[in-house]
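**Q** predicted coordinates and the sequence they were generated for:
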Amino acid sequence: MVVAGEEAAERFARQLLAYLPHEAVLRYPERADLPWADTAPDPAVVGARARALWSLAKGREAVVVASARALLRRVPPRDAQAFEPLTLAAGAALDLSAATERLARMGYERVDAAEEPAQFAVRGGVLDVFAAGETAPVRAELFGDEIETLRRYLPSTGQTLADAPPTEVYPCREVVLGTRAVGNVERALGDSPDTDETLAHDLERMRAGVYFNGVERYLPLMYREPGAPTDYVHPSALVVVAEPRSLFDDAVRATEAVAAAAKATDLAAPVGAPKVRTAGLFLTPAQLDLGGARRRLTFLSLMRAGGSVDAELQVRRPDVAGGPERLAGALRALLDAARDVGLNAEDL
């Protein structure tokens, strides 16, 4: 479901929760941090986006609500499997060493005690993970290579609480510093790091698999063609768009804001610093594919499309405003005049 603006998307998702289970309504929120900025990403936002993309790719029974502007930021291509979660469940097998390495590749920070989102800790046969997008961490206690118990715990005290259901741990970064991706960056940069200390330092950290704020500025160099969020939509999914013109306007405003932020960054940068390039980091409004060959349902207001109401009959209470006979007579007159009549009645 694509609507215009983040506020509308959040409001629509909350309304859906009145009818659907919590796990069946997913948000794909807009990220406030920019790919080239030194601002740390919000793990809750990145985790929610990763969950939504993975659910769309797998064709899960869920409604994903997004604003048009949230769909502009490019992501790794679908075949990169960048958003595959690590699943923890009581009774399931888990190679602790492999899980530790995988969490690091997913952008998680290893600490002594996992008290904040996007952190994990290992103590003997115990794995603590505070997953991106979750409200509480989980503790997996292993017996050999099997998770004996999986429980939630209080980050402040470490006290375990109730048993946790199977938990999917999603990445907290939207790039994967794999060998191939980093190699592509290295080849694309060529000799530039030899004369640019910032590039040299960034490349060194990427080779070591160390994530840093601003690493996503190299996304266009990691893949032959960066992906779009809509690439993850399953072929069987129904794409619902509300007011296409409003969606385009929302995307245009977001694009203008990104361009202004890039210009401000360039103005504040030292003399001789490379210019910020938004190409490859964001789609243009014209590139936003809302449906394509997939099934699509469009909600369109005639008023927004330039139409107008040429006849209107307001009867709040027929029993007071002349009785049902008068209402029926008015409707018959409209029909006899070849009018199209639409009735809007609540609580029927």
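**A** That came through, no problem.

**Q** let me see the confidence value for Glu10.
**A** Note on Glu10: pLDDT of 96.

**Q** let me see the contact set for it.
**A** Taking CB atoms under 8 Å, 6 or more residues apart in numbering, we find Glu10 in contact with 27, 29. C-betas here are computed from N, CA, C, even on glycine.

**Q** please apply the same query to Ala293.
**A** If you count contacts by CB under 8 Å, 6+ apart, then Ala293 has nothing around it.

**Q** list the contacts for the residue nearest the centre of the chain?
**A** In the chain, the residue lying closest to the centroid (CA atoms, centre = their mean) is Arg49, at 2.5 Å. By CB under 8 Å, 6+ apart, the residues touching Arg49 are 28-29, 31, 70, 174, 229.

**Q** what does Ser67 give?
**A** With the criterion set at CB under 8 Å, 6+ apart, Ser67 makes contact with 2-6, 8-9, 30, 250.

**Q** can you tell me which of those residues are in strands?
**A** With DSSP state E as the criterion, strands contain 2-3 from among those.

**Q** just the closest of the contacts of Ser67 to Ala104, please.
**A** Glu30 (27.1 Å; CB to CB).

**Q** tell me how many other residues surround that closest one.
**A** For Glu30, the neighbour count with other CB atoms under 10 Å is 19.

**Q** surely it meets Val65?
**A** No: contact criterion CB atoms under 8 Å: Glu30 and Val65 do not qualify, at 11.9 Å.

**Q** start and end of stretch 118-126, how far apart?
**A** 17 Å (CA to CA, to the nearest Å).

**Q** in the stretch 51-200 of the chain, mark out all the helices, start to finish.
**A** 96-105, 179-189, 192-195, 197-207 (DSSP state H, counting those that start in this stretch).

**Q** so what does the second one touch, helix or strand wise?
**A** By that I understand helix 179-189. Other elements packing on helix 179-189 under the criterion 3 or more CB pairs under 8 Å, 6 or more residues apart in numbering; DSSP states H and E are helix 197-207, helix 219-222.

**Q** give me whichever of those helices is most buried.
**A** helix 219-222 (a mean of 21; mean count of other CB atoms under 10 Å).

**Q** the stretch 151-300 of the chain: strands as residue ranges?
**A** 160-163, 167-169, 238-242, 295-299 (DSSP state E, counting those that start in this stretch).
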